[in-house]
Structure formats: C-alpha cells, structure tokens
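Enquirer: generate a structure from the sequence data that follows.
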Amino acid sequence: MQNSRKESLGKVFSVIYDSHPVSRRDIADKTGISLMSVCNAVEALDRLNLVKETLAEGGGVGRRASLLSPADGEYLILDLTRVNFEILLFSLSRETISKYLYMPREGEDFYASFCRFTGSLTGFIKNKVTRPLIGAGILFPGKYDRETDRVKGDRSGNYEKINPGTMLFDLIPSPFIEVGEDLTMGAAEILSRPEASGNTVYIKTTYPCGAALITDGKLLCGSNPGLPGLGFDPITADRDFAKRYFDNISLFSVSDMAARSIAAYLTLITPDKIVIEYDPLFPDTVLKLKITELLRENYLSPHTPVPDISLIKTQQSAPVSGLSRAIVSKYLEKKLTEL
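Expert: Down below sits the predicted model:
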C-alpha cells in the first residue's frame, strides 16, 4: 500500500480513536482531508474491521447522522510499577472493561509472589477476556532489556531475582507484547497539563505519589538520585513510607501529605496555584476544604494567603496511556498491511 494512503488512513483512524463517536464531516474538518477521501478511508477501515458505525440519537425529523467509533476489540496491560500489581483490560475504544489489583502477601519472597501473580494473570485472562486480544503491554518500573530479560533501574531491587519476560510473555495470548518503561516519574504528564503554568506546585497523591515545582513551563527541584533533573520529587522512593501510606489510605492521609508537600514548596516560592491529582474515590469539595484547613492550621503563618487550589481526578496514568496508544498504533499498522 502506498505510504500516502497509509498515512491518510492512519490520520482518519486517529481521529476516530481520540474523538469517537465522530462524523465523517468532523473527521474531514479535523484532518484537512477532503470529505470524499474520508469516506473512502472509512470504507477501507471498515473492511479491516477497525471501525463500527452507529446512528446519532435525536428526536427530530429527518435522517440521523452516522457516527464512527473504533470496532470491538480488547487489549491487556500489566502495570508492574506499583507495589500492588494491576491487570487492566481495555476496549479498542479506550473503555476499561475490567481490572484486578494483585496484592502480595506480607513478608512473602518476591519471586514466590511473582509466581503467584502469574497464576492470577492466567485466571484473569480465562475469566475476563472475551474476545481475541489485539495486543498487550507490560509496564515495568525501569528499563527492560529483552536480550537479558532483566529490568534495570528498578529502585526496589526485586527484579534482580527474576526474568519477568520468561515468566509472563507465554501466558498472554497476544500477537505482540509492547513494553513500557516508567522512568519519568510523571514528569511528561505534569508538563503536558494546561493547569501547570506560572508558579505551580503539583502534588500527586496517587501511586507513585510525589511533588513538583513548575516555573515558566519548567520542572524544578527534582531530587531522585537515579534520574536527576526531571523535577519530580518521588515520595514513594521511601518504600517504608509508601507502604504505611497506602496501607492506611484515607481522606486525611491524602490531605495531610498534600499539605506537607505544599508547605515545603511555600518556603521556596509563592505559587500562583496548586494542582493536586487524587483518587476519584475522594469527594472534591471535602478534600479541598481539608487541605486548606490543614495548611492554615499547621503550615502557614496567619498572614500567608492560601494559593488557588485545583483538583484533578486520576484517570489513566501517563505511562499506561502511552502504552495504550503504542499498542493500538501497532495493531493499526499490522491491519493496514492486509490491504
């Protein structure tokens, strides 16, 4: 297939993937491709079973608009960057179909725990995956070397004892397995947020939790010795703290950690705003009030104003989002070779 046509089909599918449900006219407007060419591209994508079509809802008189979405399909992601491993099953349209959080037993050897996790993965695939997987991904807590089957840069040191690929790859019924590396500790995600402008203190209270100071679009005050200059101060580098924190997760502990991190940065600058990323299980208003109360009572002087506080509910993490896009892109590339 000619590269120009492949590129055109890729652009059309990307809009459908990112903006579904979407009409052919909207795709033409977003891509700059003519409406006729968009129609031809959709026809080709439909032959490859990459898109599906629905009619827009509406009670008016006349023909309802035809809307496009990604076709049915599933992909698997294993997020191994946390203390508790997570198995995630997504649809091609980016909806979470199912997820499972694996929790290691207290005091259990990492190798034994990882073996037990492979059993959980096998059970998850058997019971939850209902369609052939279009692809799969594994997110490692460091740089994965396929030749040696080892993870480098893992702060816990646990992966020195195992060969994760040997233990996992053959269990996943997928035509390909993408590997992601969680090395940036959220730096790329932080910089990409429109909220993070001016003097901003960014606090992430989900795992991995930490804090960052952003000034004029640049991350400052990074202190991770393994990854200097990234600007993210990972609180979870302290494994004992991380264990205590996540074993006793509560609205107060989230608020207290955020307040402590903000107060520390208030000694460096006067931020224009504070952005806190938190778990959706906490109520927005209550969390905001609790943080303000803690700052005022424990960390701020009576005459120091509380900066504007905005809250962001955690959705898909940046590493998982990036790995999802890589899986879908590779699947698209494979399917286009069939034309």
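
Enquirer: buried stuff in the host helix or strand of residue 253?
Expert: Using DSSP states H and E, residue 253 falls within helix 251-266. Buried positions in helix 251-266, judged by neighbour count with 16 or more other Cβ atoms under 10 Å: 254-263, 265-266. The way it works is simple: take the backbone N, C-alpha and C, and place the C-beta from them, glycine included.

Enquirer: got JSON lines for those residues, with pLDDT and distance to residue 76 too?
Expert: JSON lines is the format used below for those (pLDDT from 0 to 100; distance: Cβ to Cβ, whole Å):
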{"residue": "254", "pLDDT": "79", "distance to residue 76": "29"}
{"residue": "255", "pLDDT": "85", "distance to residue 76": "35"}
{"residue": "256", "pLDDT": "83", "distance to residue 76": "36"}
{"residue": "257", "pLDDT": "78", "distance to residue 76": "32"}
{"residue": "258", "pLDDT": "83", "distance to residue 76": "33"}
{"residue": "259", "pLDDT": "86", "distance to residue 76": "38"}
{"residue": "260", "pLDDT": "81", "distance to residue 76": "37"}
{"residue": "261", "pLDDT": "79", "distance to residue 76": "34"}
{"residue": "262", "pLDDT": "83", "distance to residue 76": "37"}
{"residue": "263", "pLDDT": "82", "distance to residue 76": "41"}
{"residue": "265", "pLDDT": "76", "distance to residue 76": "38"}
{"residue": "266", "pLDDT": "78", "distance to residue 76": "43"}
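
Enquirer: tell me the SS of the residue nearest to residue 108 when sequence neighbours are not counted?
Expert: Sequence neighbours aside, residue 116 is the residue nearest to residue 108 in space, at 7.8 Å (criterion: Cβ to Cβ, 6 or more residues apart in numbering). Under DSSP: H, G, I helix; E, B strand; the rest coil, the three-state class of residue 116 is helix.

Enquirer: and if you look at residue 309?
Expert: Going by three-state DSSP: residue 309 is strand.

Enquirer: how close does the closest residue to it other than its chain neighbours sit to residue 201?
Expert: Leaving aside its chain neighbours, residue 309 sits nearest to residue 274 (4.7 Å; criterion: Cβ to Cβ, 6+ apart). Look at residue 274 and residue 201: by Cβ to Cβ, to the nearest Å, they are 5 Å apart.

Enquirer: and for the two, which residues touch both?
Expert: 262, 307 (Cβ atoms under 8 Å, 6 or more residues apart in numbering).

Enquirer: residues contacting the helix holding residue 253, please?
Expert: For helix 251-266, the external contacting residues (Cβ under 8 Å, 6+ apart) are 201, 203, 205, 209-211, 213, 221, 233, 235, 245, 271, 274, 276, 278-279, 282-283, 286-287, 290-291, 294-295, 298-300, 304.

Enquirer: the helices in this protein, which residues?
Expert: 3-19, 24-31, 35-47, 110-128, 164-168, 187-192, 239-247, 251-266, 284-294, 318-336 (DSSP state H).

Enquirer: quick one: average confidence on the third one?
Expert: By that I understand helix 35-47. The pLDDT scores in helix 35-47 average 94.

Enquirer: perfect, I'm done here.
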